[in-house]
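>>> Test case, fold it:
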Amino acid sequence: MRVAHFTGLRKLEISDEPEPKLDRPDGVLLRIDRVGVCGSDVHYYVGGRIGDQQLAYPATLGHECSGTVMEVGPAVTGLKPEMRVAVDPAIVCGQCDQCRAGRPNTCRNLQFMGCPGEAPGAVAEYRVLPAENCFPIPDSVSLEQAVLVEPLSVGLHAVRVGQIRPPARIAVLGAGPIGLSILLCAKVDAACTVYLTDLLDERLEVARQCGADWMGSAKAEGVTAAVAECEPQGLDLVFECSGDPACIDQAQQLLAPGGTLVLVGIPREPRVSFDLHVMRRAELTFRNVRRQTGCVAPIVRLIAEGRINTAPLLTHRFPLDRISEAFELVDGYREGVIKAVVDLSGAK
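Predicted coordinates:
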């Protein structure tokens with residue numbers, strides 16, 4: 001089977017490896033049909049690391065994926081060959097204190113697809129996964145839409161962490177795939193007014209299509225003042241999705257006293273600073289988001305019911321042999337890219 005590897009900074013190579021064998025009773029042999037290029041994948045592509053997670057080359061990659069069941073283990077129920085599935089890429093132990101406390105997203109033994117030293121990445125023609133990580137999708141949901149289930153589940157988890165109380169006034173800073181996922185999920189979850197900023201004008205247009213009530217360029221001077229003019233008392237909730245430390249400071253200025261900043265974006269640098277006096281005087285709450293928990297099945301249902309429109313997010317498609325082009329496109333924010341999807345199988 002063909003497998004993609006990082007072999008150096010900005011280097012991707014496709015090689016042949018033996019197909020995996022189904023070696024666990026609760027496992028599923030999955031043909032990987034589509035893989036999305038995530039911002040975290042691009043961090044590894046460009047810098048070789050995220051925080052203390054350092055690649056050792058060659059390294060497999062990818063985690064946003066969908067596929068088709070080829071074979072199931074004897075202990076598997078609810079799945080059978082030829083079923084199309086969305087994939088939760090976080091393989092958890094189910095036994096540690098975090099899993100037992102209902103926090104599998106912080107499982108102490110978590111194996112995440114494509115993370116250094118953890119589970120093999122998704123950009124391979126076949127993978128074996130636990131059955132519990134595979135979620136059947138109805139005929140009304142395409143394989144490309146199923147790729148978006150993972151980022152949308154992060155968006156739904158972030159919205160749940162933020163605990164939107166209608167009629168809420170919120171901001172989303174950054175209109176990449178995660179910021180737009182939060183926007184879509186917030187609009188489905190509760191009555192709210194959403195202010196959204198981004199550096200790219202084309203992404204602001206996509207945000208409009210996704211339901212943002214107000215869009216502003218993060219490049220413009222006075223964008224904070226422009227939001228404050230609309231909301232002089234401040235906002236209840238801000239989701240920081242860009243990973244830009246400057247946006248963390250901006251978020252604090254936007255919040256009303258007692259407001260909440262939800263940190264979702266991944267900074268390129270391992271450390272950021274906060275204005276402690278602003279935090280203290282306004283008694284702001286900071287919350288962090290670590291992937292998702294319990295949100296995959298609800299997102300599949302929301303897409304199938306047409307309550308989340310994925311069309312504005314699916315912008316580019318590439319065959320496997322052009323995966324390097326996909327990464328360069330996403331890294332350069334070119335051609336209005338939101339989500340680039342790599343087609344491994346040609347399956348419909």
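>>> OK, contacts around R2?
Each residue near R2 by Cβ atoms under 8 Å, 6 or more residues apart in numbering is listed here: 14-16, 124-125, 320, 344. In this view, the C-beta of every residue, glycine as well, is placed from N, C-alpha and C.
>>> Relative to P20, how far out is the spatially closest residue to Q54 that is not a sequence neighbour?
Among residues not flanking Q54 along the chain, P116 sits closest, at 6.1 Å (Cβ to Cβ, 6 or more residues apart in numbering). Note on P116: its distance to P20, by Cβ to Cβ, to the nearest Å, is 20 Å.
>>> Could you do G294 as well?
For G294, the distance to P20 equals 28 Å [Cβ to Cβ].
>>> can you pull the contacts of the residue lying closest to R291 once chain neighbours are set aside?
Once flanking residues are discounted, R291 sits nearest to N105: 4.8 Å by Cβ to Cβ, 6+ apart. Going by Cβ under 8 Å, 6+ apart, N105 touches 90, 157, 290-293.
>>> what about 10 Å?
Residues near N105 by Cβ atoms under 10 Å, 6 or more residues apart in numbering: 90, 92, 98-99, 112, 154, 157, 289-295.
>>> Just among those residues, which is most surrounded?
With neighbours taken as other Cβ atoms under 10 Å, the top of those is V154, carrying 26 neighbours.
>>> Wait, that residue touches L180, no?
No: taking Cβ atoms under 10 Å as the definition, V154 is not a contact partner of L180, at 11.4 Å.
>>> shared neighbours of these two, which are they?
Common contact partners of V154 and L180 (Cβ under 10 Å, 6+ apart): C241.
>>> Now do the strands for the stretch 151-300 of the chain: every range, in order, please.
Assigned strands in the stretch 151-300 of the chain, in chain order: 168-173, 192-198, 214-217, 235-240, 255-263, 285-288 (criterion: DSSP state E, counting those that start in this stretch).
>>> For H5, which non-adjacent residue is closest in space?
Once flanking residues are discounted, H5 sits nearest to P58: 3.9 Å by Cβ to Cβ, 6+ apart.
>>> Neighbours of that neighbour, how many?
By the criterion of other Cβ under 10 Å, P58 has 16 neighbours.
>>> Find the centremost residue of this structure, please.
Nearest residue to the geometric centre of the chain (Cα atoms, centre = their mean): P151, 2.9 Å.
>>> what's that residue in contact with, if anything?
Listed by Cβ under 10 Å, 6+ apart, the contact partners of P151 are 36, 38-39, 63-64, 176-182, 292, 299, 313, 339.
>>> hey, where'd the helices end up in the chain?
With DSSP state H as the criterion, the chain has helices at 39-47, 97-100, 143-147, 149-162, 177-189, 201-209, 223-230, 245-254, 276-282, 296-304, 323-331.
>>> roughly how far out does the fifth one sit from the chain middle?
Offset of helix 177-189 from its chain centre (Cα atoms, centre = their mean, to the nearest Å): 11 Å.
>>> which helices and strands sit right next to that helix?
Judged by 3 or more Cβ pairs under 10 Å, 6 or more residues apart in numbering; DSSP states H and E, helix 177-189 is in contact with helix 39-47, helix 149-162, strand 168-173, strand 192-198, helix 201-209, strand 235-240, helix 296-304, strand 339-343.
>>> cutoff 6 Å now
Judged by 3 or more Cβ pairs under 6 Å, 6 or more residues apart in numbering; DSSP states H and E, helix 177-189 is in contact with helix 149-162, strand 168-173.
>>> One more: the first one?
Contacts of helix 39-47 with other secondary structure elements, assessed using 3+ Cβ pairs under 6 Å, 6+ apart, are made with helix 323-331.
>>> Identify all contacting residues around the helix it packs on.
4, 12, 37, 42, 45-46, 318, 337, 340, 342 (Cβ atoms under 6 Å, 6 or more residues apart in numbering).
>>> rerun at 8 Å
Residues from elsewhere that reach helix 323-331 (Cβ under 8 Å, 6+ apart): 4, 10, 12, 14, 37, 39, 41-42, 45-46, 123, 316, 318, 334-335, 337, 340, 342.
>>> Just the buried subset of these, please.
Among these, those classed as buried by 16 or more other Cβ atoms under 10 Å are 4, 12, 37, 39, 41-42, 45, 123, 316, 318, 337, 340, 342.
>>> before we move on, the earlier item: do you know how far the residue nearest to H5 is from Y45?
P58 sits 13 Å away from Y45, going by Cβ to Cβ.
>>> List the residues that are in contact with both of these two.
Shared contacts of P58 and Y45, defined by Cβ under 8 Å, 6+ apart, are found at F6.
>>> need the contact list for the closest residue to R287 other than its chain neighbours.
Closest residue in space to R287, ignoring its immediate chain neighbours: V262 at 4.9 Å, by Cβ to Cβ, 6+ apart. V262 makes contact with 158, 161-162, 237-240, 287-289, according to Cβ under 8 Å, 6+ apart.
>>> what's across from V262 in the sheet?
Beta-bridge pairing for V262 (DSSP bridges): F239, R287.
>>> how deep is the nearest residue to P20 once chain neighbours are set aside tucked in, by neighbour count?
Using Cβ to Cβ, 6+ apart and skipping the chain neighbours, the partner closest in space to P20 is V128 (4.8 Å). Look at V128: counted by other Cβ under 10 Å, it has 18 neighbours.
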